[in-house]
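S.K.: pasting the sequence and the predicted model now:
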Protein chains: 2
Amino acid sequence: MKSISERQKIILEFIQDFIEVNDYPPTIRDIQAGCNISSTSVVSYNLDKLKETGYLDRNSEVSRGLKLTKNNSDFSVPLLGTIAAGSPFPLPDNDTWSDVNGQEIIEIPHSMINSPDGVYALKVKGESMIDAFISDGDLVIMEQTSNVRNGQMAAVRIISDDSTTLKHVYSDGEYTKLEPANKQMKAMTFESNNIQILSKVIGVWRYLG
Amino acid sequence: MKSISERQKIILEFIQDFIEVNDYPPTIRDIQAGCNISSTSVVSYNLDKLKETGYLDRNSEVSRGLKLTKNNSDFSVPLLGTIAAGSPFPLPDNDTWSDVNGQEIIEIPHSMINSPDGVYALKVKGESMIDAFISDGDLVIMEQTSNVRNGQMAAVRIISDDSTTLKHVYSDGEYTKLEPANKQMKAMTFESNNIQILSKVIGVWRYLG
DNA sequence: GATATTTTAGAACATTTGTGCTATGATTAA
DNA sequence: TTAATCATAGCACAAATGTTCTAAAATATC
């Protein structure tokens, strides 16, 4: 998965700021001090990771041999948690957004969304979403909104069941039909006040080999 | 005088090119190799000079701690020689322009000229130009052209005398009047075919203390 | 021409800085 | 749980790199 850890995000921002101020990149020890990292080897380790994920070029054995490469054509959205059968469906809240530490970051191309506001990612655990053609390990990109058009896929909570699934949503006001992506399975219709739209699905990403 | 040596100009261009390619500044030894300089101390020496003249910032004891500061609002023109009584008036020629080595470079603000083409500088030796209010040590900025408007100051050669002076030029076609900047002295009129316009004067710079 | 100043050379030195290694804790996979 | 992988720590080492010093050459100054 092409995401970077929080520490790597901090390092990346430090490098950007440092270059902004000094016009030359920081040394490993500059980064160490600037990001409160205990060891130079940890910095080096994470710089290599950032190179692997393509966020920067690293000229080895060259002091300050760093070059930021990532184009700014991606939005960063948080990976808020996992979707698993029996677990509550994670939703962003104020705490989640402000609590940056420990969050993984997912990069979304600009072409996919207009704004990262309310957008987050969830990783699927297990096969509970199999009828939405979403399998174990997939990454679901969601936007927190209750405003979905008919036919769009959304995370829907059936209040009477206290269950949450990903379904295509059709509503005529009084009733809401939930239709699985897998047409082999039958759609179900509920009273609209028994249905809560949690978030709409923007995309599903599957990383293979 | 705020000019830099040819070697310093080469160093400056090397630094610019290096940053262009690598996104980080060169080390002293990079410069040494790139500019064919025999010693690191010479590079360091010239970097200090460039810092004094304001062409770059130098963060001492910091590797690659260079930052180009000079705004690109100046043209570089060559200092071709000196104006001295009895000496021939230096004029640019093809050799002069192509022979970059050993020439001092003068920086001209963009606001002063539209283009550095044909523009050069001369340093005044002695008081031979005193009637143009130009004294020893002044720097005269000239543009090689024979196209001067009436009233402009130019370097004018009086062919019959084989002498060259800086005078305000007024021509009505058949006759050309040469008027000293110092109105106390009298103007002289010559047949136009006895007069050769060498260059027009763009400015006079005097550096004091 | 004699003297002072600037510039270049060369080399040694000290600091900076990237790397390598081992150990430890944290997280994940089976 | 147990093993494996990932991430962090700490330290020592070697290479990279800026500095310093002396001397010579070039240039400017008087």
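M.R.: Looks like it arrived, so ask away. Numbering: from 1, shown residues only, chains lettered A, B, ... in the order given.

S.K.: was I right to think A:Thr27 contacts B:Ser63?
M.R.: Yes: A:Thr27 lies in contact with B:Ser63 (Cβ atoms under 8 Å); the separation is 7.2 Å. Where you see a C-beta, it was placed from the backbone N, CA and C, and this is true even at glycine.

S.K.: identify the contacts common to those two.
M.R.: A:63-64 (Cβ atoms under 8 Å, 6 or more residues apart in numbering or on different chains).

S.K.: ok, A:Gln18 - contacts?
M.R.: In this structure residue A:18 is Phe, not Gln. A:25-26, A:30-31, A:34 are the contacts of A:Phe18 under Cβ under 8 Å, 6+ apart.

S.K.: please redo it, this time with the cut-off set to 10 Å
M.R.: A:Phe18 is in contact with A:24-27, A:30-31, A:34, A:64, A:66, counting by Cβ atoms under 10 Å, 6 or more residues apart in numbering or on different chains.

S.K.: need the residues of chain A near DNA strand D, please.
M.R.: By the rule Cβ under 7 Å from any atom of the strand, the part of chain A lying against DNA strand D is A:5, A:7, A:37-42, A:45-46, A:49, A:61-63.

S.K.: go again with 10 Å.
M.R.: By Cβ under 10 Å from any atom of the strand, the part of chain A that sits against DNA strand D consists of A:3-8, A:10-11, A:24, A:27-29, A:32, A:35-46, A:48-49, A:52, A:59-65, A:104.

S.K.: ok, back up a step: which ones among the contacts of A:Phe18 are found in strands?
M.R.: A:Leu66 (DSSP state E).

S.K.: near chain B, from the contacts of A:Phe18?
M.R.: Restricting the contacts of A:Phe18 to those within reach of chain B (Cβ under 10 Å from any Cβ of the partner chain) leaves A:24-25, A:27, A:30, A:64, A:66.

S.K.: buried ones only from the residues you listed, please, as a PyMOL command.
M.R.: Those of the ones next to chain B among the contacts of A:Phe18 that count as buried under 16 or more other Cβ atoms under 10 Å in any protein chain shown are selected in PyMOL with:
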select buried, chain A and resi 24+25+27+30+64+66
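
S.K.: what about the most centrally placed residue in chain A, helix or strand, and which?
M.R.: Nearest residue to the geometric centre of chain A (Cα atoms, centre = their mean): A:Ala121, 3.0 Å. Per DSSP states H and E, A:Ala121 falls inside strand A:119-125.

S.K.: give me the next element, helix or strand, following that strand.
M.R.: Downstream of strand A:119-125, the first helix or strand assigned by DSSP H and E is strand A:139-143.

S.K.: any idea how far that next one is from the middle of the chain?
M.R.: Offset of strand A:139-143 from its chain centre (Cα atoms, centre = their mean, to the nearest Å): 6 Å.

S.K.: next one: stretch A:143-160
M.R.: 18 Å.

S.K.: residue ranges of each domain in chain A, please.
M.R.: Domain segmentation of chain A under automatic domain parsing yields A:6-68, A:74-205.

S.K.: now do the longest one, average pLDDT.
M.R.: Read that as domain A:74-205. The pLDDT scores in domain A:74-205 average 76.

S.K.: which parts of chain A sit against DNA strand C?
M.R.: Applying Cβ under 10 Å from any atom of the strand, one finds that chain A approaches DNA strand C through A:24-33, A:39-45, A:47-48, A:58-66, A:82, A:102, A:104, A:123, A:125, A:137.

S.K.: just the buried ones from the residues you listed?
M.R.: Buried, going by 16+ other Cβ under 10 Å: A:24-28, A:30-32, A:42-43, A:47, A:64-66, A:104, A:123, A:125, out of these.

S.K.: show me where chain A has strands.
M.R.: Using DSSP E, strands in chain A cover A:56-58, A:66-68, A:74-84, A:104-109, A:119-125, A:139-143, A:153-158, A:163-171, A:175-179, A:188-191, A:195-205.

S.K.: want to throw those into CSV with distance to B:Thr189?
M.R.: Shown next, in CSV, are the strands of chain A (distance: least, Cβ to Cβ, whole Å):
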stretch, distance to B:Thr189
strand A:56-58, 71
strand A:66-68, 67
strand A:74-84, 76
strand A:104-109, 77
strand A:119-125, 83
strand A:139-143, 86
strand A:153-158, 94
strand A:163-171, 97
strand A:175-179, 102
strand A:188-191, 107
strand A:195-205, 86
